[in-house]
Structure formats: structure tokens, C-alpha cells
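> Predicted model and sequence below, questions to follow.
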Amino acid sequence: MTTVCGSPDLAPGTSVEVLTSIGGKLTIAGLTGGGPPGGNLPAVVFEPDPTTASTAITSARSANQMTSDGTAAALGLTNLSSDTTGGLGPNTGLYATVSGGDQNSTTPGASTPDYAVVAGGRQNTASAFGAVVGGGTSNSAGGGNNATVAGGSTNTAAAVDATVGGGQGNSASASHATVAGGNSNVASGAGATVSGGLNNHATGPDSYAEGENNTSSGEASHVEGSANLSNGLASHAEGAQTTSSGQGSHAEGFLTTATGDFSHARGTGTTAQAQGSSAAGEGAFAYLEGQAAHASGYDAGGVPTSITCKQTSVLVMRGETPGAVAGETVELLFGGDGAPATEAMALVTGKSYTVSVEAIAQGIIVPAGQEAQSLYAKACVKCILGVATLSGTGAAEAFGDAALAGSSLSFSVSTNFLHISYTNPEAVTAVVDVVARVTVTETN
């Protein structure tokens, strides 16, 4: 290395020849503008040693210079790192760069560190093709090509195109995974992201986590808050101690669980167990498909189950008479995602229920045309040792167009099921569609 100081008297357009310490000659031209009087600034010039084969640029410090690989594997290497331990190195890699700092290395790992960069800091390592460590302390970029750690301390980017922005103790260990910062976060799913926080884990492909002590292990799942788990495909958990394990499910609040596909649990201590169900408030448990359950608190003994929940819920049931003969009866059912309804209401052993039905019936009745009838019915039912008993029914009510006058709702039981049916008037032969809002209040 040769240091050349320009003379303040060196006019623009003129030059001076300088003999270097290793026998070379440099021509220094006067500068124009942009500097102190005279236009000249001190210059540091790096020059090959004419007496040896040159493959790398290193500093000329008398002590602690990190050693360099002198083979063709390090052609174009720039190595300006110190090594105060005296025991590291050599740095290597085609056109790799270590700009400074102490104990920084470009060393082979998942691949040779060609074009790798350590910009500065201390004890940082770039150990794969195109890997980059911007600075900080004890960071490592390797395990895959083009991995990057921007800074911070004890961070690791260990896969192809993995990135850690900063923070401490973070790891991006799958391809295209990212940890933006924070402390002790892990992105181990391909394309997963942890935006920050503490001890979060994004382990599912394309998953996302933020907050503290959260895990998103389902593909494309999303978790935020504290101590939550999203392990269903495209699920979302937020709040505190929530779990979303069903596909497309969502749990929020405190101690809520959404296990059914496309279910939603919110509030505190609620569970949405069945497909498409929702549970809200405090201690609701939705165990029937499409059920919307609500509770306003629960007894001691922990988060309620289907046996211990005390709640009101709504089901929407439907049915259609075939229209083949007069006076047809059809059972009203629920469920069936994109298909005919398939499920009757299952009762839970040890529980009693008030069931209220509010229905609308519609049919094309010749010659009247579109006719409608509103119907209401109530029942008290219980289930003992898996056997349902109809304890009683309330007064029924119906009103609407004359052509459907005489339509009715009825209740029956079998094993642990409650059946709700609609019957056409005796004189009507027609396809009649029926939809019912069924409100269920239950206790144990």
C-alpha cells in the first residue's frame, strides 16, 4: 500500500510522478474543484507487488492482518479485516470483500464464498456464494447462496436468499425466510417471516409471526400477540394463548380455540370445534356445523366443553318437499358445504335444551303463484345416557298466504338426536322450500 499526499501547489492539468515503496511509479494529476485550496486531497493507492503473483488486496498494517488465500480461488479478494487472535483465516472467495473490522471471515460453507461480503463489525462470517453480513457481532450468513444478515448480534441466515435484518439471536433457516429483527426469533419455513418481537417461530411455509412466544406452523398461517399458535392451513391466531388449528380458522381474544375448518372463536375461553362454527363471549362451545354459539361466563373448572357449556346458540336449518304428493313432510337439516343439508341436531348426554324454531316456507302453488307461510314452534328436550327425550312442546303459530295455510312444524327424537320437520297442507302438492332459524338454549 502506498500513501500519496497531493501538493497544494499542484495545479489542475499538471501532474507529478511518484516512486512507490515497492518500486512502482504512479502519476498523480492535479484535481479540479471540490476540495481544499489547490484542489488536492490525500490519496491511498493499492498497488500489486511486482515481485509476486497478485490475487488479493490487503491492508499494510504491521500486525493483526487477517491472512488471505493466495490461490486462484481468491482472485479479486479484498481482505481488510484484522485478526487479533492470530489464529483465523485465511479469507477466500473470488472477488469476495471484507471491508474491515476484526475476526471477520469469508470462508467456505454451503458453497465457496465467491462474491461474499462482510462490511465490518466483529466475528462475522459470510460462508456462501453472494452471502452478506453488513456488520454487528458474531453474525453468520451462509447455508445457502445470497443469504444476508444486515447487523445485530448472533444472528444467522442459513439458507438460499434467507435474511435477518438485525436484533439478537435470530435465525432464518429456510429458503427466502426473513426475520426482520427482535430477539430469539426463528423463521424456518420456506418464505416464512417473523417481523420482530421475542421468541417467535414461523415454521410453516409462507407463515408469519410477530409478538412474543408465538408459533405459526401451518402453511400461510398468521400469528400475533402472546403465546398463540396457528397450525392450520391459512389459519390466524391473535391475542393471548389462542389456537387456530382448523383450515382457514381464526382464534382471537384469550384462551380461545378454533379447531373446525373455517371456524371462528373470539372472546375468552371459547371453542369453535365444528366446521364453519363460531363461538363468542365467555365460555361458548360450538360443536355443531355452522353453529353460532354465545355464552356470558362459565363456572369453575376451566374452559367449558360441549358437556359443561351453558349457552345460547343459533342454527340455520333447511329442507325442501319433493312435490310428488300432497301433504309431504321433510326433515329440516343443517350442514352440507355446497351440498344438500345432511345433519340433524345431536344432543349431549347430561344436558337439557329449550329449542325455538322460526321458519319461512315458500312454494309455487298453482294457480296462486308464489305463496309463503311463517311458522313458529318450541320444544323442551333432554338427553340422558345418550337417549333423547321430548319433555314437551309449546303452542305453535303459523300465518301467511292462504294456499299454505295448514302447514306445520313438528318435533321427534331418536337415540340422541332431535328431529325438526315441516309438513305441507293436506291439499298441497308442490315443491316447498323451508328455512328455519333454530335457537337453542342449553345447560347441564
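Great, that's in hand. Numbers count the residues shown, from 1 in each chain.
> For the rest of this, base every contact and every neighbour count on C-alpha atoms.
Will do.
> What are the buried residues along stretch 302-318?
Residues 303-306, 308-318 are the ones in stretch 302-318 that count as buried (16 or more other C-alpha atoms under 10 Å).
> Just these: which are in strands?
Under the assignment DSSP state E, the buried residues of stretch 302-318 contribute Gln311, Thr312, Ser313, Val314, Leu315, Val316, Met317, Arg318 to strands.
> Mind listing residues that contact the strand or helix carrying Val330?
For Val330, the element it lies in under DSSP states H and E is strand 329-332. Strand 329-332 has contacts (C-alpha atoms under 8 Å, 6 or more residues apart in numbering) with 317-321, 344, 419-424, 434-436.
> Pull out the CA atoms of it and give them to me as CSV.
The C-alpha coordinates for strand 329-332 follow below in CSV (Å, rounded to 0.1, in the frame of the first residue of the first chain):
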residue,chain,number,x,y,z
THR,A,329,-93.1,-33.9,5.1
VAL,A,330,-89.4,-33.0,5.0
GLU,A,331,-86.9,-33.0,7.9
LEU,A,332,-85.1,-29.8,8.3
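> Sheet partners, orientation included, of the helix or strand just after it?
Once the chain leaves strand 329-332, the next helix or strand it forms, by DSSP H and E, is strand 345-346. Within its sheet, and counting by DSSP bridges, strand 345-346 is paired with strand 417-423 (antiparallel).
> pLDDT averaged over the partner strand - what is it?
The pLDDT scores in strand 417-423 average 98.
> just how off-centre is that strand within its chain?
Centroid displacement of strand 417-423 relative to its chain, using C-alpha atoms, centre = their mean, to the nearest Å, is 43 Å.
> quick revisit: kindly provide the whole-number mean pLDDT of the strand holding Val330.
Average pLDDT, strand 329-332: 98.
> Quickly run through the sheet partners of that strand, with directions.
strand 417-423 (antiparallel).
> thinking again about what came up before, tell me which two of the contacts of strand 329-332 sit farthest apart.
Pairwise distances across the contacts of strand 329-332 peak at 20.0 Å for Ala344 and Asn424 (criterion: C-alpha to C-alpha).
> Between these two, which is the more surrounded one?
Ranked by neighbour count (other C-alpha atoms under 10 Å), Ala344 and Asn424 place Asn424 first, with 26 against 17.
> quick one: the more buried one from Asp114, how far?
Asn424 is 81 Å from Asp114, where distance means C-alpha to C-alpha, to the nearest Å.
> Repeat that for Ala274.
As judged by C-alpha to C-alpha, Ala274 and Asp114 stand 54 Å apart.
> Between the two, which has more neighbouring residues?
Asp114 (27 against 22).
> Doesn't the more buried one belong to a strand?
No: going by DSSP: H, G, I helix; E, B strand; the rest coil, the assignment for Asp114 is coil, not a strand.
> Three-state assignment for Ala403, please.
helix.
> per-residue confidence for it?
95.
> isn't it right next to Val366, touching?
No: here Ala403 does not reach Val366: they are 9.0 Å apart, not a contact under C-alpha atoms under 8 Å.
> Show me how the chain divides into domains.
Per automatic domain parsing, the domain ranges recorded for the chain read 2-45, 240-308, 312-443.
> Val357 and Val316, how far apart?
Distance of Val357 to Val316, computed by C-alpha to C-alpha: 10 Å.
> brain fart, Ala116
Relative to Val316, and taking C-alpha to C-alpha, Ala116 is found at 62 Å.
> try Ile365
25 Å.
> do the same with Ser217
From Ser217 to Val316 the distance is 33 Å (C-alpha to C-alpha).
> before we move on, what about Asn199?
43 Å.
> try Gly211
To Val316, Gly211 is 38 Å away according to C-alpha to C-alpha.
> what does Ala324 give?
25 Å.
> Same check on Ala295?
Counting by C-alpha to C-alpha - Ala295 and Val316 are separated by 19 Å.
> now swap in Ala209 and tell me
Using C-alpha to C-alpha, Ala209 is found at 36 Å from Val316.
> can you check Ala361 too?
Distance from Ala361 to Val316, by C-alpha to C-alpha: 14 Å.
> And for Asp337?
Applying C-alpha to C-alpha to Asp337 and Val316 gives a distance of 13 Å.
> Ok, Thr439 next?
Thr439 is 9 Å from Val316, by C-alpha to C-alpha.
> again, but for Ala398
Remark: distance between Ala398 and Val316 (C-alpha to C-alpha) = 19 Å.
> Which residues outside the helix or strand containing Ala398 are in contact with it?
Using DSSP H and E, Ala398 sits within strand 397-400. Under the contact criterion C-alpha under 8 Å, 6+ apart, strand 397-400 has outside partners Ala372, Gln373, Ser374, Leu375, Tyr376, Ala377, Ala405, Ser407, Ser408.
> change it to 6 Å
Contacts of strand 397-400 with the rest of the structure, by C-alpha atoms under 6 Å, 6 or more residues apart in numbering, involve Ala372, Gln373, Ser374, Leu375, Tyr376.
> Which strands border it, and is each parallel or antiparallel?
Partners of strand 397-400 in the sheet, by DSSP bridges, are strand 369-384 (antiparallel).
> Report the next helix or strand after the strand it pairs with in sequence order.
Downstream of strand 369-384 (by DSSP H and E), the next one is strand 387-393.
> quick check, distance from that next one to the centre of its chain.
46 Å.
> State the distance from Met345 to Val381.
Distance from Met345 to Val381, by C-alpha to C-alpha: 12 Å.
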